[in-house]
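> Below: sequence and its predicted model.
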Amino acid sequence: MSENNNIRRPYLTLPGATGMPDVHEILSHMPDEQKHRFESSGEFIRRLAIRVTKWREGLPEDEEPAIFALMSNGDAVEVQSLGEDGHSSVVVEGRLEGAPCMFISHQSSFQVVCYTRKIEDEKPRRKIGFHVGGQEIEA
């Protein structure tokens, strides 16, 4: 896998810097408007969509990525789509114990687990929808 497509690569890079950048140092020099966007749920969702897309590219033909949003009570919602809800909240449309549901969370407490699963023979590959700034990204 090329270095540019590595899902483990930090989403921030600095010329000449090695290792993980100090995000607090970067934010201290960033203009408020740019900092506001960097901290938004939209940026979180956009980065997750990019990572899932790159991850899918490296999977075998018979596997696909799946995402679960973890709720504070321990339940897990299978994500069908994920979008921003204002600056700091996320909204998930998915399935909980087989029933359709919608789950809204502040991004600071939002957790997901991503894994792979085998594609069932009779079903096509399932895409996950990410909605950011009026744009849809399918991964």
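That came through, no problem. A quick note: this is a predicted structure, and the numbers were derived from the prediction, not measured. Numbers count the residues shown, from 1 in each chain.
> element containing Glu84, please.
Using DSSP states H and E, Glu84 falls within strand 76-85.
> next SSE after that strand?
The first helix or strand that comes after strand 76-85 along the chain, using DSSP H and E, is strand 89-96.
> Which strands or helices does that following strand pack on?
helix 41-57, strand 76-85, strand 99-106 (3 or more C-beta pairs under 8 Å, 6 or more residues apart in numbering; DSSP states H and E). Placement of C-beta: from N, CA and C, glycine included.
> With just CA atoms, put the last one into PDB.
Only the C-alpha atoms of strand 99-106 are listed here, as PDB (Å, rounded to 0.1, in the frame of the first residue of the first chain):
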ATOM      1  CA  ALA A  99     -34.900  -2.200  13.500                       C
ATOM      2  CA  PRO A 100     -34.300   1.100  11.700                       C
ATOM      3  CA  CYS A 101     -33.200   3.900  14.000                       C
ATOM      4  CA  MET A 102     -31.700   7.400  14.200                       C
ATOM      5  CA  PHE A 103     -29.000   8.200  16.800                       C
ATOM      6  CA  ILE A 104     -27.700  11.700  17.500                       C
ATOM      7  CA  SER A 105     -24.600  12.300  19.600                       C
ATOM      8  CA  HIS A 106     -22.200  15.100  20.500                       C
END
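> Since that was my last question, I'll sign off now.
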